[in-house]
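K.L.:
Pasting the sequence and the predicted coordinates here, then a few questions.
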Amino acid sequence: MGKYDNLILSIPQEYHKWGVFAIPRGSFRGTTVMPDAKVYMGLAAVTKAHLMEVAHMHHAVDEYIVFASADLESFRDGFDAEIEIWLGEDPERLELFSITEPTIIRIPPKLYHCPINFKRIGKPVFFSAMYLDGDWSKIIRNINADGQEEFSYDGAGIRRCVKDSSKLCVYCGECFSKRMKESEKTDANKASQKDEMLASYYEMSQQPRTGNYDKYVYKFKPEFHDDKRFSNPRYGFRGLCEMAESRLWYTHNLIKGECAIGEPHMHHAIEEYLFFTGPNLAEFSVFDAEIEILIGDHPDRMESYLITEPSVVRIPAKLWHSPITVKRVGTPVNFMPFYPNGSYGRVIRSNNPDGTFTYTSKGEDLPDNSAAK
C-alpha cells in the first residue's frame with residue numbers, strides 16, 4: 001500500500017446495454033469513484049446513429065463536449081460521421097451546428113444545448129461530455145398545463161433506476177435499449193419517434209442565425225512537432241490560447257516507445273489529472289504498456305506507482321510528481337494531461353551551489369521546452 005493509492009484509479013469499464021456505444025466504455029464519474037475529484041467525464045465510442053438528450057442547461061459549471069475519431073491514431077483523418085447539436089440562450093430559439101470533423105464545444109453555465117443527433121456514423125466516434133466539477137447535473141425546462149415554465153433537476157446521486165426506484169441509476173442503458181426495441185416494433189410503418197422529436201428543432205434552425213454561439217465551437221488543429229516519442233501530429237485544446245474564458249486545458253499524446261517524460265514539478269494552485277488509455281477508445285479494454293509515475297509531498301520524497309491498465313491519476317495542488325517513465329509499450333498509449341483551468345503552468349525546483357533552492361514557474365506564456373506539456 002502506498003501513501004497516494006487513493007489518487008490512482010483504474011478507469012471503470014462499463015459493460016452496458018445502451019446498444020449505441022462500444023462495449024466496454026470508459027468513465028470517470030468524479031466523486032462517485034474518487035472523493036474530492038473535480039472532474040466528471042466519459043470516454044465512450046459511439047458506434048451507431050442515434051438521438052441523445054433534450055435541450056437542457058447547467059446552472060453553475062462549464063461542460064465541454066468532445067467529438068473525434070475513436071481511433072486516436074487517426075484522430076482527424078479517421079473521423080467519418082455527421083453529428084448535429086443545438087445551442088442557444090432561449091430554448092425556443094436554438095441554433096443548429098453540424099459537426100463533420102473533430103470538434104470541442106464549450107457549454108458555459110445557463111447555455112441551453114442538445115439534443116445531439118448522431119445522424120451518421122461511418123466509423124466509431126470518440127464522444128466525451130466533460131464537466132469541470134465532481135458531479136454531473138442538468139436542468140430541463142418544461143411548460144406545464146397552465147402554460148407556465150417549470151424547471152426539473154437531474155444529476156449524479158439523484159437519478160433513480162427506472163426498474164427499481166429504491167436504487168440509484170448506474171447508467172446501464174437497459175431502459176434505453178428496451179424503449180428502442182419497443183419503438184422499432186410499434187413504429188415500423190410510421191414516422192420515427194426521432195423525426196417527430198427533431199421536427200421542432202429543425203423548425204428553429206430555419207430562423208436567421210445570430211452567430212452568437214460560434215465562439216464556443218472549436219475545431220481541433222493538428223500540432224506538428226519533432227519529438228519522436230509521440231505520434232505526429234498530435235491534438236489538444238489549450239484553453240485560453242484557443243477560446244476566451246475557457247476553463248479546460250488538455251492534450252492527446254500518443255506515446256509510441258519507451259521514454260521518460262517531464263521532471264519533478266508541482267502545480268501551485270490547481271489540480272491536474274493524468275489519463276492513460278489505449279489508442280482506440282472503441283476497444284477500451286485493450287491496454288498494453290507499463291508506466292511508472294513518481295508522486296510525493298516533497299521532490300526528495302517521491303513514491304513509485306506502476307500503471308498497467310487504463311487509469312487516471314489525480315494530482316492535487318502542491319503535490320510533486322514526475323517523471324513519467326514509460327518502461328514498455330506494446331501498443332501506443334494515449335496520455336492525456338488534463339487541467340480544469342484555462343492555462344497550463346508548473347513549478348520546478350533547481351539546486352543552487354550553496355545548497356539552497358530556486359523555484360521557477362513555467363507555463364503556456366513562459367519559456368518551456370517540454371514536449372508533452
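P.N.:
On my side now, so go ahead. Numbers count the residues shown, from 1 in each chain.
K.L.:
For the protein, just list every one of the helices.
P.N.:
174-186, 193-204 (DSSP state H).
K.L.:
lowest-confidence stretch among those?
P.N.:
Of all the helices of the chain, helix 174-186 carries the lowest average pLDDT, namely a mean of 61.
K.L.:
Show the contacting residues for Ala22.
P.N.:
Ala22 is in contact with 44-47, 70, 124, 281-284, counting by Cβ atoms under 8 Å, 6 or more residues apart in numbering. All C-beta spots, glycine's among them, are computed from the backbone N, C-alpha and C.
K.L.:
could you dump the residues you listed to TSV with distance to Phe220 and pLDDT?
P.N.:
Listed next are the contacts of Ala22 as TSV, based on distance: Cβ to Cβ, whole Å; pLDDT from 0 to 100:
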residue	distance to Phe220	pLDDT
Ala44	18	97
Ala45	17	98
Val46	17	98
Thr47	21	98
Ala70	14	98
Pro124	17	98
Leu281	15	98
Ala282	18	98
Glu283	21	98
Phe284	21	98
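K.L.:
Tell me the one among those residues nearest to Leu198.
P.N.:
Val46 (17.4 Å; Cβ to Cβ).
K.L.:
Run a quick neighbour tally on the closest one.
P.N.:
25 (other Cβ atoms under 10 Å).
K.L.:
Now do the contacts for it.
P.N.:
Val46 sits in contact with 20-22, 70, 81, 118, 121, 124-125, 127, where contact means Cβ under 8 Å, 6+ apart.
K.L.:
now these as TSV including distance to Asn334?
P.N.:
Formatted as TSV, the contacts of Val46 follow (distance: Cβ to Cβ, whole Å):
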residue	distance to Asn334
Val20	22
Phe21	18
Ala22	15
Ala70	11
Ala81	19
Phe118	22
Ile121	21
Pro124	15
Val125	15
Phe127	15
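K.L.:
which one among the residues you listed gets closest to Ala269?
P.N.:
Phe127 (31.0 Å).
K.L.:
So for stretch 289-304, what gets flagged as buried?
P.N.:
With burial defined by 16 or more other Cβ atoms under 10 Å, the residues of stretch 289-304 counted as buried are 289, 291, 293-296, 299, 302.
K.L.:
Alpha carbons of stretch 337-356, as CSV, please.
P.N.:
Taking Å, rounded to 0.1, in the frame of the first residue of the first chain, the C-alpha atoms of stretch 337-356 are listed here in CSV:
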residue,chain,number,x,y,z
PRO,A,337,-2.7,15.6,-19.1
PHE,A,338,-5.9,17.4,-18.1
TYR,A,339,-6.2,20.7,-16.3
PRO,A,340,-9.6,22.1,-15.1
ASN,A,341,-8.2,25.6,-15.6
GLY,A,342,-7.8,27.8,-18.6
SER,A,343,-4.0,27.6,-18.8
TYR,A,344,-1.1,25.3,-18.1
GLY,A,345,1.6,26.1,-15.5
ARG,A,346,4.1,24.3,-13.3
VAL,A,347,6.7,25.0,-10.7
ILE,A,348,10.1,23.3,-10.7
ARG,A,349,13.0,23.3,-8.2
SER,A,350,16.6,23.9,-9.1
ASN,A,351,19.6,23.2,-6.8
ASN,A,352,22.0,26.1,-6.1
PRO,A,353,25.7,25.6,-5.4
ASP,A,354,25.3,26.9,-1.9
GLY,A,355,22.7,24.2,-1.1
THR,A,356,19.7,26.4,-1.4
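K.L.:
got a winner among the contacts of Ala22 for most neighbours?
P.N.:
Busiest of the contacts of Ala22 [other Cβ under 10 Å] is Leu281, holding 29 neighbours.
K.L.:
Surely it touches Ser69?
P.N.:
No - using Cβ atoms under 8 Å, Leu281 is not in contact with Ser69, being 9.0 Å away.
K.L.:
who touches both of these two?
P.N.:
What both Leu281 and Ser69 touch, as defined by Cβ under 8 Å, 6+ apart, is the set 124, 126.
K.L.:
Just confirm Ser152 contacts Ile140, I think it does.
P.N.:
Yes - Ser152 is in contact with Ile140 according to Cβ under 8 Å; the separation is 5.0 Å.
K.L.:
which of the two has more neighbours?
P.N.:
Shown here are Ser152 and Ile140; by other Cβ under 10 Å, Ile140 has more neighbours (17 against 10).
K.L.:
how close does that one sit to Gly155?
P.N.:
From Ile140 across to Gly155, the span is 11 Å (Cβ to Cβ, to the nearest Å).
K.L.:
same check, this time on Glu14
P.N.:
18 Å.
K.L.:
Also Tyr213?
P.N.:
Tyr213 is 24 Å from Gly155, by Cβ to Cβ.
K.L.:
Many thanks, we can stop here.
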